[in-house]
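**Student:** Everything below, folded, please.
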Amino acid sequence: MAKAPDAFRTISEVSDALNTPAHVLRFWESKFSQINPVKGAGGRRYYRPGDISLLAGIKLLLHEQGMTIKGAQKLLREKGVKHVAGLTVAPQLNVVEEKPADVAEPDVKPVEDAPVAASAPNIDIAALTPTASPKIRKPRWFQGDGRLDADRVARNADAIAPLLDKLARVSAKMRGA
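**Tutor:** Numbering: from 1, shown residues only. So this is what the prediction gives:
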């Protein structure tokens, strides 16, 4: 059933219109406070046309332009919701169009073998790879050259000794000694 252009949409309708999974839309809600659908009884989401335009703009920034979530958040803070929502044309939703009474509807048959345009953006994969390796936090007692910090181990020897004794007893018991 067709809806009016300003009607609220469910998450599945928005998901279909944007060609984006519903779980991604829910994730974006958690990351972008500007996306605020009306929630009905039971927590069901109803998106307004403005929410849908904003989601389409966020999708353009993240998926097509390769912007990070933090970058998109910054752009929303600096330029505002209207700017991001205006970046794309609103997706085509199932809407009711007013037709004059004297115009007959044309008899159009769908073309089944029509070519589908490829919409993959040109992204340089090499530019997306990180240049520096991520920092791995090492324990404080570990020296960078693979040695243990002897002073720290010595200070904790009293706490470690009973644990080592218990481990030796359990190990011996398991071996049957």
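
**Student:** how about the nearest residue to Arg45, chain neighbours excluded?
**Tutor:** Distance criterion CB to CB, 6 or more residues apart in numbering; nearest residue to Arg45, sequence neighbours excluded, is Pro37 at 4.3 Å. (Each C-beta comes from the backbone N, C-alpha and C, glycine too.)

**Student:** contacting residues for the one you found?
**Tutor:** Pro37 is in contact with Ile11, Glu29, Arg45, Tyr46, Tyr47, Arg48, Asp51, counting by CB atoms under 8 Å, 6 or more residues apart in numbering.

**Student:** average pLDDT for stretch 34-54?
**Tutor:** Per-residue pLDDT over stretch 34-54 has a mean of 88.

**Student:** Convert it to PDB, retaining C-alpha atoms only.
**Tutor:** Taking Å, rounded to 0.1, in the frame of the first residue of the first chain, the C-alpha atoms of stretch 34-54 are listed here in PDB:
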ATOM      1  CA  GLN A  34      20.600  13.800  15.400                       C
ATOM      2  CA  ILE A  35      18.900  10.700  14.100                       C
ATOM      3  CA  ASN A  36      15.900  10.500  16.400                       C
ATOM      4  CA  PRO A  37      13.000   8.500  15.000                       C
ATOM      5  CA  VAL A  38       9.600   8.500  16.800                       C
ATOM      6  CA  LYS A  39       9.300   5.300  18.900                       C
ATOM      7  CA  GLY A  40       5.800   3.800  19.300                       C
ATOM      8  CA  ALA A  41       4.500   1.300  21.700                       C
ATOM      9  CA  GLY A  42       6.900  -1.600  22.100                       C
ATOM     10  CA  GLY A  43       9.900   0.500  20.800                       C
ATOM     11  CA  ARG A  44       9.000   0.300  17.100                       C
ATOM     12  CA  ARG A  45      10.800   3.000  15.200                       C
ATOM     13  CA  TYR A  46       8.900   5.400  12.800                       C
ATOM     14  CA  TYR A  47      11.200   7.600  10.700                       C
ATOM     15  CA  ARG A  48      10.100  11.100   9.500                       C
ATOM     16  CA  PRO A  49      11.100  12.300   6.000                       C
ATOM     17  CA  GLY A  50      13.800  14.500   7.600                       C
ATOM     18  CA  ASP A  51      15.200  11.500   9.400                       C
ATOM     19  CA  ILE A  52      15.300   9.600   6.100                       C
ATOM     20  CA  SER A  53      17.100  12.400   4.300                       C
ATOM     21  CA  LEU A  54      19.700  12.600   7.100                       C
END
